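Student: Quick one, what's the 3D model for this:
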Amino acid sequence: MAFLEELLRRAAATPTRIVFPEAADPRTREAIRALAAERVVVPVAVLDPAAPESHDAVRALGVESVDPAADPRGERVVGDLLALRGAKGLTEPEARRLARTPLYFADALVRFGDVDGCVAGAVHTTGEVLRAALWLVGPAEGVRTVSGAFYMVVPPFRTGAEEVLTFTDSAVVPYPDARQLADIALAAATDRRRIVGDEPRVAFLSFSTRGSGSGPSVDLVRAALDDLRQRAPELAVDGELQGDAALIESVAFRKAPGSPVAGRANVLVFPSLDAGNIAYKLVQRLARASAIGPIVQGLRRPCSDLSRGAVAHDIIHVAAITALQAGDASPVEFPQERTK
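Tutor: So this is what the prediction gives:
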């Protein structure tokens, strides 16, 4: 079975409630309709108080819908926002405004455990999606770097079948330091086991392979590799590796003999957001690969981002991945007191 078909099948095996704060957008409504019809997830649509003309179309989907302007949980959202951000300057009027927006209300539902995850980004920027998620859901325990990955479904290039490659970070952290780069790699490996279901083989990419070049970015990759090997000695990982050495066995044999991942890597860790973002878009367009994501890594509960160029089937696939991420999400501690 092809990866995308298998993805939907696995997500459907365990009903998961996923909230969609951009239901005023026709692409999102089309995705919600398909997800509900195929029972991939249990969609919850958020009405947009700023777009009342869309409400009838959202309600016509026949799924649960919630209205931030009228829902009694709104006061709880306001209280939590003030408890979390009041000491950092968030005022009560601003908290009330945010609580009525679909994005913040949706992430509050994730926080409360009323839904299992959120999918947004077809309308909102990555910065907006991440800010709401970080404020209301926050990083998983022990995670200091929230990052992003694309799952690239590529045509056959080293076997007779399509493959799935993880590209990270291609969406969130512009210039990670060595510790952050190791965090990104570890989060990508952890999520790959949930989402793809195979064993991650992690390659830290560079313009250098095992000392063929030198410079600050090479030093960065080497330091990240050392850090990750100390933290996850069981993980198959190597670096620094050029892209061809990471992916092609014949090149790996010459450039990195004896490497545990060279020629077989399935998680590609880029040294900067420049490299990762450029690479995924080139592979998507030139190799006609499917780019699923960006998938946000490292949150307590999954709040996924989308490209604003997303179409309905992109939203469907990200929703399925979000459902799989929700399988072992961490609990969220509620704030104990309100701080102004």
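
Student: Tell me who's in contact with the residue nearest to F105 when sequence neighbours are not counted.
Tutor: Leaving aside its chain neighbours, F105 sits nearest to P68 (3.9 Å; criterion: C-beta to C-beta, 6 or more residues apart in numbering). Using the backbone N, CA and C atoms, a C-beta is placed for each residue, glycine as well. P68 is in contact with V46, L47, P49, G74, V77, A99, R100, T101, P102, F105, counting by C-beta atoms under 8 Å, 6 or more residues apart in numbering.

Student: Just flag the most distant two among those.
Tutor: L47 and V77 (14.9 Å; C-beta to C-beta).

Student: my guess is R27 meets V311, correct?
Tutor: Yes: with contact defined as C-beta atoms under 8 Å, R27 reaches V311; the gap is 6.0 Å.

Student: Neighbour count: these two, which is higher?
Tutor: Legend: neighbour count by other C-beta atoms under 10 Å for R27 and V311, higher for R27 (18 against 13).

Student: Can you give me the buried ones in stretch 250-265?
Tutor: Along stretch 250-265, these residues count as buried under the neighbour rule (16 or more other C-beta atoms under 10 Å): V251, A252, K255, A256, S259, V261, A262, G263, R264, A265.

Student: which parts of stretch 303-314 are buried?
Tutor: Within stretch 303-314, the residues scored as buried using 16+ other C-beta under 10 Å are C303, S304, D305, L306, S307, A310, A312, D314.

Student: repeat for stretch 273-285
Tutor: Buried residues in stretch 273-285, counted by 16+ other C-beta under 10 Å: L273, A275, G276, N277, A279, Y280, V283, Q284.

Student: Nearest residue to A12 in space, please, no chain neighbours.
Tutor: Spatial nearest neighbour of A12, chain neighbours left out: V40 (4.9 Å); criterion: C-beta to C-beta, 6+ apart.

Student: State whether the one you found and A13 are indeed in contact, as I suppose.
Tutor: No: the criterion here is C-beta under 8 Å, and V40 misses it with A13 at 9.9 Å.

Student: Just to check, L306 is in contact with C118?
Tutor: No: in this structure, L306 is not within contact of C118 by C-beta under 8 Å, at 10.9 Å.

Student: T159 - how many residues pack around it?
Tutor: Residues lying near T159 (other C-beta under 10 Å) number 7.

Student: mind listing which of the buried residues of stretch 303-314 are in strands?
Tutor: Secondary structure from DSSP state E places C303, S304 of the buried residues of stretch 303-314 in strands.

Student: Kindly indicate which of the buried residues of stretch 303-314 lies nearest V196.
Tutor: Set against V196, the nearest of the buried residues of stretch 303-314 by C-beta to C-beta is S304 (15.9 Å).

Student: can I assume that closest one is in contact with C118?
Tutor: Yes: between S304 and C118 there is a contact at 6.9 Å, judged by C-beta under 8 Å.

Student: and for those two, which residues touch both?
Tutor: Common neighbours of S304 and C118 (criterion: C-beta under 8 Å, 6+ apart): T322.
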